[in-house]
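Peer 1: Structure here, sequence nowhere to be found:
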Ligand SMILES: C[S@@+](CC[C@H](N)C(=O)[O-])C[C@H]1O[C@@H](n2cnc3c(N)ncnc32)[C@H](O)[C@@H]1O
């Protein structure tokens, strides 16, 4: 599905979010750990927007972006090559559900609008945590359904009726944008998602809703080497 829409993905992202996704990515960047020399892994990196936004912080020394879709990666690789980070960032094919080759190697693991797509979320979160060094941080940006009783029905109307039409018109693939609204409505968010992160072994887990709760940043740390206990 992502191979099919790759050619319009960036344009649609900017259009359908009114450009606000760029601000959400900046909010994720502000949560990078304080220390410098960070090694970063961006999962489900797609066309690399999250990775390129995070690289703007000089504390990030090197970054690897992984994705299943060669079509999305082809656009991402071009963007990285044209960016100031061509020497320090790399994109490659890789599956969130199989990160054995990347165990215990990163200070930060990020995934934006990708965790919703993995087949087993808890297992995906465990894989993500396994890539982190002790004390490393996961930052997850994902759509969520707003809870405000006035805004929620308006937003759900947009998701169900307007978004698949515009997305279908521009990308030529209406089903991809139906898939988007169905997964946003059913995917665990807020405290439910935080509970999954704790089950996957993350500590200091928190959720920050953005823009009336239509997206949320989830943050969780891998326990430090001193043996911090996972949250209850
Ligand atoms: C909505 S796009 C998000 C792309 C990018 N992170 C962004 O913020 O624009 C979701 C991406 O997840 C990728 N994806 C889905 N399942 C995956 C998996 N198991 N492993 C790696 N990537 C996956 C898709 O190929 C697609 O590029």
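Peer 2: Perfect, thanks for sending it. This structure is a prediction, so every number in the text was calculated from the model and none was measured. Numbering: from 1, shown residues only.
Peer 1: Give the other helices and strands that the longest strand seen in the chain contacts.
Peer 2: If you go by DSSP state E, the chain has its longest strand at strand 132-143. When contacts are defined as 3 or more Cβ pairs under 8 Å, 6 or more residues apart in numbering; DSSP states H and E, strand 132-143 sits against helix 20-29, strand 106-112, helix 121-130, helix 191-199, strand 215-221. (Each C-beta comes from the backbone N, C-alpha and C, glycine too.)
Peer 1: go again using 6 Å as the cut-off
Peer 2: helix 20-29, strand 106-112, strand 215-221 (3 or more Cβ pairs under 6 Å, 6 or more residues apart in numbering; DSSP states H and E).
Peer 1: SS state for whichever residue of the chain sits closest to the ligand?
Peer 2: Nearest to the ligand in the chain, going by Cβ to the nearest ligand atom, is residue 46, at a distance of 2.5 Å. Secondary structure, DSSP: H, G, I helix; E, B strand; the rest coil: residue 46 is coil.
Peer 1: just checking, it touches residue 74?
Peer 2: No: the criterion here is Cβ atoms under 6 Å, and residue 46 misses it with residue 74 at 11.0 Å.
Peer 1: Give me the more crowded residue out of those two.
Peer 2: residue 46 (27 against 14; other Cβ atoms under 10 Å).
Peer 1: Apart from its chain neighbours, what residue comes closest to the more buried one?
Peer 2: Leaving aside its chain neighbours, residue 46 sits nearest to residue 72 (4.5 Å; criterion: Cβ to Cβ, 6 or more residues apart in numbering).
Peer 1: now swap in residue 106 and tell me
Peer 2: The shortest distance from residue 106 to any non-neighbouring residue, by Cβ to Cβ, 6+ apart, is to residue 41 (4.4 Å).
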